[in-house]
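Engineer: I would like the atomic coordinates for the input below:
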Amino acid sequence: MKKALSILGVATLFVCVFSLAAAARPQGSTWTGWISDSGCAAKGMSADHKDCALKCVHDKGAKFVFVNSESKQAFNIHNQDAVQDSDVGMQVQVSGHLMDDNSIHVDSIAPAASK
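Structural biologist: Just a heads-up that it's a prediction; the model follows:
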């Protein structure tokens, strides 16, 4: 009986720990904007800028950034590998969460819904 209670106690402890860890994760958000390069940021908010942005990132050491359509604020992208070349040159919806350093950790990128 003591062994069963000990196992139940340990199992309860694990459930509590994992529940707290899940609650501590940052909540996800979705933003609408453009994927640009760190050199041009808000100046790259157009389809015409796609080739330039890709060249800057792939050849000149720039990084992908997300530029919010409403505020024109640029955010570094925490996980650069989440951006595909096809995500550049159109308005997109980025889902993810804001990191402590004010960068965005991207969970997904999809074309923005047209109005």
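Engineer: just checking, residue 64 touches residue 84?
Structural biologist: No: assessed by C-beta atoms under 8 Å, residue 64 is found out of contact with residue 84, at 9.9 Å. To be clear about C-beta, it is placed using only N, CA and C from the backbone, and glycine gets the same treatment.
Engineer: Which of these two has more residues huddled nearby?
Structural biologist: residue 64 (24 against 10; other C-beta atoms under 10 Å).
Engineer: residue contacts, the residue lying closest to that one once chain neighbours are set aside?
Structural biologist: In space, and not counting its chain neighbours, residue 64 is closest to residue 83: 4.4 Å by C-beta to C-beta, 6 or more residues apart in numbering. Residues in contact with residue 83 (C-beta atoms under 8 Å, 6 or more residues apart in numbering) are 35, 64, 77, 106, 109.
Engineer: What are the phi and psi values at residue 83?
Structural biologist: Backbone geometry at residue 83, expressed as degrees, to the nearest 10, gives phi -90, psi 130.
Engineer: what about it, distance to residue 2?
Structural biologist: 55 Å (C-beta to C-beta, to the nearest Å).
Engineer: Would you map the helices across the chain?
Structural biologist: Assigned by DSSP state H, the helices in the chain fall at 2-24, 50-60.
Engineer: Compare the mean pLDDT across the ones you listed and name the weakest.
Structural biologist: Least confident of the helices of the chain, judged by mean pLDDT, is helix 2-24 with a mean of 53.
Engineer: Only alpha carbons, please: show stretch 89-102 as PDB.
Structural biologist: C-alpha atoms of stretch 89-102 as PDB (Å, rounded to 0.1, in the frame of the first residue of the first chain):
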ATOM      1  CA  GLY A  89       7.500  39.700 -51.400                       C
ATOM      2  CA  MET A  90       3.900  39.500 -50.100                       C
ATOM      3  CA  GLN A  91       1.900  40.400 -47.100                       C
ATOM      4  CA  VAL A  92       1.900  37.500 -44.600                       C
ATOM      5  CA  GLN A  93       0.500  36.500 -41.300                       C
ATOM      6  CA  VAL A  94       3.100  35.400 -38.800                       C
ATOM      7  CA  SER A  95       2.100  33.300 -35.900                       C
ATOM      8  CA  GLY A  96       4.500  32.900 -33.000                       C
ATOM      9  CA  HIS A  97       5.500  34.600 -29.800                       C
ATOM     10  CA  LEU A  98       7.600  37.600 -28.700                       C
ATOM     11  CA  MET A  99      10.800  36.700 -27.000                       C
ATOM     12  CA  ASP A 100      12.400  38.600 -24.100                       C
ATOM     13  CA  ASP A 101      14.800  40.400 -26.600                       C
ATOM     14  CA  ASN A 102      11.800  41.700 -28.600                       C
END
